[in-house]
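Chemist: turn this into a model:
(chains A and B)
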Amino acid sequence: SQTIHQWPATLVQPVGSPLSLECTVEGTSNPNLYWYRQAAGRGLQLLFYSVGIGQISSEVPQNLSASRPQDRQFILSSKKLLLSDSGFYLCAWSRTDDNEKLFFGSGTQLSVL
Amino acid sequence: RKEVEQDPGPFNVPEGATVAFNCTYSNSASQSFFWYRQDCRKEPKLLMSVYSSGNEDGRFTAQLNRASQYISLLIRDSKLSDSATYLCVVNMDSNYQLIWGAGTKLIIKP
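Modeler: Modelled structure (predicted):
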């Protein structure tokens, strides 16, 4: 069966510090991968998605970036965090032939202080 | 107008009751619809897809009203474990962009 791992679960970082969140998927090949952010009282916002190694699409302008160095690894990064980057970050995967059904990692609660 | 709107609640419902809530969407060309369930500080999990003909899964029934542009979720014989936030999701085109509602919080009380 497929599993998705995301870490860390919680993170407190000072403004201006770098960020690296990692997500890996097991039990499937060539998944679509996604990074979402969920702010309090708002719907999930798609930040990045990837259909293959090295292929990253960004949905919103921001100071975050994403990379997919391996088929089942997806990394969210920032060189300098802003206060507004605080939120609940979720990694997800879907099958390439069914990109409407998402399976999420357990999320990272990021607090930028 | 938001693309996908939900009543944030909370809906406080006694155990065993039936509860229903709606989700409206703005784009009449929307193609696919889903309900996800999210427990506090956890990841969303797919609850059910919403088909044009309606969809029933045990105590849960989802329906689509294209004319009025909303989907609904009905929960019968509610359990304490049904307490969660229910997220409405709409696919407005086929290009990976799912639009998420902010969720309706449901609290089932003993």
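Chemist: what's the local residue count around residue 18?
Modeler: As the question left the chain open, I've gone with chain A. Residue A:18 has 10 neighbours, counted by other Cβ atoms under 10 Å in any protein chain shown. The way it works is simple: take the backbone N, C-alpha and C, and place the C-beta from them, glycine included.
Chemist: meant chain B actually
Modeler: Per other Cβ under 10 Å, the neighbour tally for residue B:18 reads 12.
Chemist: how far away is it from chain A?
Modeler: 26 Å (Cβ to the nearest Cβ, to the nearest Å).
Chemist: report the buried residues of stretch A:19-28.
Modeler: Neighbour-count burial for stretch A:19-28 flags A:19, A:21, A:22, A:23, A:24, A:25, A:28 (criterion: 16 or more other Cβ atoms under 10 Å in any protein chain shown).
Chemist: who is the fifth one paired with across the strands?
Modeler: Taking DSSP bridges, one obtains residue A:5, residue A:73 as the residues bridged to residue A:24.
Chemist: now residue 48, what's its secondary structure?
Modeler: This is for chain A. strand (DSSP: H, G, I helix; E, B strand; the rest coil).
Chemist: burial count for the nearest residue to it once chain neighbours are set aside?
Modeler: Nearest non-adjacent residue to residue A:48, counting by Cβ to Cβ, 6 or more residues apart in numbering or on different chains: residue A:66, 3.8 Å away. Number of residues near residue A:66 (other Cβ under 10 Å) recorded here: 21.
Chemist: ok, the strand or helix carrying residue A:66: who's next to it in the sheet?
Modeler: Per DSSP states H and E: residue A:66 is located in strand A:64-70. Sheet partners assigned to strand A:64-70 using DSSP bridges are listed as strand A:73-78 (antiparallel).
Chemist: mind listing what's buried along the strand it pairs with?
Modeler: For strand A:73-78, by 16+ other Cβ under 10 Å, it's A:74, A:75, A:76, A:78.
Chemist: quick one: which of the residues you listed is nearest chain B?
Modeler: Nearest to chain B among those is residue A:74, at 14.1 Å by Cβ to the nearest Cβ.
Chemist: hang on, isn't the closest one packed against residue A:51?
Modeler: No. The criterion here is Cβ atoms under 8 Å, and residue A:74 misses it with residue A:51 at 11.5 Å.
Chemist: and for the closest residue to residue A:8 other than its chain neighbours, the neighbour number?
Modeler: Counting by Cβ to Cβ, 6+ apart, residue A:8 lies nearest to residue A:108, which is 6.0 Å off, once chain neighbours are set aside. If you count neighbours by other Cβ under 10 Å, residue A:108 ends up with 22.
Chemist: before we move on, what about residue B:69?
Modeler: 15.
Chemist: ok, back up a step: would you mind giving the buried residues of stretch A:19-28 as JSON lines with pLDDT added?
Modeler: What follows is the buried residues of stretch A:19-28, written out as JSON lines (pLDDT from 0 to 100):
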{"residue": "A:19", "pLDDT": "96"}
{"residue": "A:21", "pLDDT": "97"}
{"residue": "A:22", "pLDDT": "96"}
{"residue": "A:23", "pLDDT": "97"}
{"residue": "A:24", "pLDDT": "97"}
{"residue": "A:25", "pLDDT": "97"}
{"residue": "A:28", "pLDDT": "93"}
